[in-house]
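>>> pasting a predicted model and its sequence here:
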Amino acid sequence: MTNFDLTATVRLDKWLWAARFFKTRQIAAEAINGGKVHLNGQRTKPGKEVKAGNHLRIHKGSLEWDIQVSVPADRRRPATEARLFYEETPESVARREKVIEAQRLERASMPQPTHGKPSKRDRRMIHRFTNKSG
């Protein structure tokens, strides 16, 4: 990992993009403006400066992260390095894993969709079946 200045500050939308919470800075800015990101317990703006030690609460869909900024990075790095930009609370990890498990169980209990339209062979079998019964 490259050396980072821990005393530096960086825009919130840029940090969220660099830490790989959002795919683009525009999406990060929209989430911030929509109240999905709280800095130190308060709603904020995309241009707000973030520094090491700040607390962030991020809502993305049904998932929520409670994190503390460790590195105020402004460059997007690989996911393994980006994970080092923050520290997540153990309660947040447990809560998120519980939600993911519940979603997985819900998906598993739902009926699977069909594979699309019937093939030529399937149509012939359907016609044979319907012609015999009528």
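Ah, there it is. Numbering: from 1, shown residues only.
>>> make it CA atoms for all contacts and neighbour counts henceforth
Will do.
>>> show me the contacts for residue 39.
Applying CA atoms under 8 Å, 6 or more residues apart in numbering, we find residue 39 in contact with 54, 55, 56, 57.
>>> ok, what's across the strand from residue 49?
residue 11 (DSSP bridges).
>>> quick one: pLDDT of it?
Per-residue pLDDT puts residue 49 at 95.
>>> just residue 1 next, same as before
51.
>>> try residue 30
97.
>>> can you list the strands that the helix or strand where residue 68 lies pairs with?
Using DSSP states H and E, residue 68 falls within strand 63-69. Strand 63-69 has the following sheet partners, assigned by DSSP bridges: strand 55-60 (antiparallel), strand 86-88 (antiparallel).
>>> next SSE after that strand?
Next element after strand 63-69 (DSSP H and E): helix 79-82.
>>> would you mark the buried spots in the strand holding residue 68?
Buried residues in strand 63-69, counting neighbours by 16 or more other CA atoms under 10 Å, are found at 64, 65, 66, 67, 68, 69.
>>> out of those, who's nearest residue 99?
Using CA to CA, residue 64 is the member of the buried residues of strand 63-69 that lies nearest residue 99, at 9.4 Å.
>>> can you name the residues that contact the closest one?
Here residue 64 is in contact with 57, 58, 92, 96 (CA under 8 Å, 6+ apart).
>>> make CSV out of the residues you listed and add pLDDT, neighbour count and distance to residue 23.
Formatted as CSV, those follow (pLDDT from 0 to 100; neighbours: other CA atoms under 10 Å; distance: CA to CA, whole Å):
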residue, pLDDT, neighbour count, distance to residue 23
57, 97, 18, 18
58, 96, 20, 14
92, 95, 16, 21
96, 95, 17, 20
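>>> so can I have a markdown table of the residues you listed showing distance to residue 123?
Output for the contacts of residue 64, formatted as a markdown table (distance: CA to CA, whole Å):
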| residue | distance to residue 123 |
| --- | --- |
| 57 | 53 |
| 58 | 50 |
| 92 | 51 |
| 96 | 45 |
